[in-house]
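Engineer: pasting a predicted model and its sequence here:
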Amino acid sequence: MATFEMQLNKLEETLLKIDNYLNSVDENSKFKVMFIAEELLTNLVRHANFKDKTPSISFNIEFDKKGKLEIECRDNAEAFDFSEHKDPDIDAKLEDRELGGLGIYLVKKYAQELEYKRENNFNILRLSL
Amino acid sequence: MQVKSFREEGTLIVAPSGKLDTFNAPKFGNELAKLLEEKPESCLLDLSEVTFLSSSGLQVLLAGAKTSKKDSIKYGVFGMQEMVNDVFFLSGFNNFINSFETKQEALS
């Protein structure tokens, strides 16, 4: 198990640390975790509203007994329920195609299970691969 | 990340390598936009050396497709690795960008 705490100005450094940690994981799983980490952490850096609080963000990776990967992302920004986020229209024609929401949509696709809760002013998102 | 580009049989081939992630994709996007300004007849992206693709990378592929459509440039991608291919298809980009396994296929 590993927990990565991130400050808002340390996105690249944090992603590199996660990437290094996953060196022993098979390539496809690593790709998926890195995809999820980049989308979630980038979203937080770009869009999250922490109001007057000191931002607290952590990204946790765990392997369960069967070796399945579990990810937990916690942050103290304003509530954002990922699982209720509207999916983009992936069948749209090129002219109508917009990029917003695609990252989140793909994270949901990659997650076998996804659970969101708001606890003690923290967003807690758990996913398993 | 590096971006190579060259002409082959009148087609502009652009080959980025490495990760098309939130840090590198914008650089690739700028280079691709510049190359498309020359309005080649067709443009193929060789993605065989791309090891990672996030929504930032998809954004660049989409911008390239939109510019190409506007300027009547034939646009496609080839050589995607398994997981990159996965992201591409899950996003529905196959609906508007032709993708091929090999360069030969893409050129024919």
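Structural biologist: Yep, that arrived.

Engineer: how about the strand or helix carrying residue B:16 and chain A, any contact?
Structural biologist: Taking DSSP states H and E as the definition, residue B:16 sits inside strand B:11-20. No. Strand B:11-20 lies apart from chain A when judged by Cβ under 8 Å from any Cβ of the partner chain; the minimum separation is 8.7 Å. Where C-beta positions appear, they are placed from N, C-alpha and C, glycine not excepted.

Engineer: and the helix or strand following that strand, what other elements does it pack with?
Structural biologist: Next in sequence after strand B:11-20, counting helices and strands by DSSP H and E, comes helix B:25-36. In terms of contacts (3 or more Cβ pairs under 8 Å, 6 or more residues apart in numbering or on different chains; DSSP states H and E), helix B:25-36 is packed against strand B:2-8, strand B:11-20, strand B:42-46, helix B:55-70.

Engineer: in this structure residue B:79 contacts residue B:104, no?
Structural biologist: No. Under the criterion of Cβ atoms under 8 Å, residue B:79 makes no contact with residue B:104, lying 10.7 Å away.

Engineer: of those two, which one has the most company?
Structural biologist: residue B:79 (21 against 9; other Cβ atoms under 10 Å in any protein chain shown).

Engineer: the helices and strands packed on helix B:25-36: which one's closest to residue A:105?
Structural biologist: Nearest of the helices and strands packed on helix B:25-36 to residue A:105, taken as Cβ to Cβ: helix B:55-70 at 8.9 Å.

Engineer: what mean pLDDT does that closest one have?
Structural biologist: Helix B:55-70 shows a mean pLDDT of 96.

Engineer: what's that helix packed up against?
Structural biologist: Helix B:55-70 sits against helix A:27-47, helix A:102-110, strand B:11-20, helix B:25-36, strand B:42-46, strand B:74-78, helix B:82-90, with contacts defined as 3+ Cβ pairs under 8 Å, 6+ apart.

Engineer: tell me which of the ones you listed sits most buried.
Structural biologist: strand B:42-46 (a mean of 23; mean count of other Cβ atoms under 10 Å in any protein chain shown).

Engineer: just the CA coordinates of it, formatted as PDB?
Structural biologist: Backbone C-alpha positions of strand B:42-46 (Å, rounded to 0.1, in the frame of the first residue of the first chain) are rendered in PDB as follows:
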ATOM      1  CA  SER B  42      -3.100  14.200 -46.100                       C
ATOM      2  CA  CYS B  43      -1.700  13.800 -42.600                       C
ATOM      3  CA  LEU B  44      -1.100  10.600 -40.800                       C
ATOM      4  CA  LEU B  45      -0.100  10.400 -37.100                       C
ATOM      5  CA  ASP B  46       2.300   7.500 -36.400                       C
END
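
Engineer: now that strand, how far from the centre of its chain.
Structural biologist: Chain-centre distance of strand B:42-46: 6 Å, with Cα atoms, centre = their mean, to the nearest Å.
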